[in-house]
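Asks: Please work out how this folds:
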Amino acid sequence: MMTKEDVSELFANIAENAPWDLTQPLLWGYYFTNPTSEPLEQAASLLAIQGYRPVELYQPELDDPAAPPVWVLHVEKAEVHGVDSLHARNGELMAFAQENQLASYDGMDVGPVGAPAAPQL
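Replies: You can find the predicted model right below:
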């Protein structure tokens, strides 16, 4: 999990390098992994109830062909975050992954609201 210091560095980087207003909603993408897709499909439904939009469930190409298979669930939500709220959200999503017996909460990314949408689940 990202430490609070990591989150602070992320916000400093955004403030310095991105043309986004941090006081306005941004599109935050959150990622979960698991060796099979079914638990991620269930997680997507539970997260949708909480206001997240399921974007994609996919199997990424792995660099190591001998590595075990992995599935990735990408959900997103437009919201305003600061260091404390994003750090808390990461903790909540890590707990969600554990409660739902997913392999991991794999972190997040951010972009402007209204960016071209990724494929829907």
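Asks: Centre-most residue in the chain?
Replies: What sits nearest the mean C-alpha location of the chain, by Cα atoms, centre = their mean, is residue 30, with 0.8 Å.
Asks: dump the residue contacts of the residue lying closest to it once chain neighbours are set aside.
Replies: Residue nearest to residue 30 in three dimensions, not counting chain neighbours: residue 108, with 4.9 Å by Cβ to Cβ, 6 or more residues apart in numbering. C-beta: built from backbone N, CA, C; applies to glycine. Applying Cβ atoms under 8 Å, 6 or more residues apart in numbering, we find residue 108 in contact with 28-31, 86, 90.
Asks: Quick check: neighbours of the host helix or strand of residue 75 in the sheet, parallel or antiparallel?
Replies: If you go by DSSP states H and E, residue 75 is part of strand 71-79. With DSSP bridges as the test, strand 71-79 is paired with strand 26-34 (antiparallel), strand 53-58 (antiparallel).
Asks: then it to CSV, C-alphas only?
Replies: Taking Å, rounded to 0.1, in the frame of the first residue of the first chain, the C-alpha atoms of strand 71-79 are listed here in CSV:
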residue,chain,number,x,y,z
TRP,A,71,-6.9,-10.9,-13.7
VAL,A,72,-7.2,-7.2,-13.1
LEU,A,73,-10.4,-5.2,-12.3
HIS,A,74,-10.3,-1.5,-13.0
VAL,A,75,-13.1,0.7,-11.5
GLU,A,76,-13.2,4.5,-11.4
LYS,A,77,-14.9,7.3,-9.5
ALA,A,78,-14.9,11.1,-10.1
GLU,A,79,-14.1,12.7,-6.8
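Asks: Good, wrapping up.
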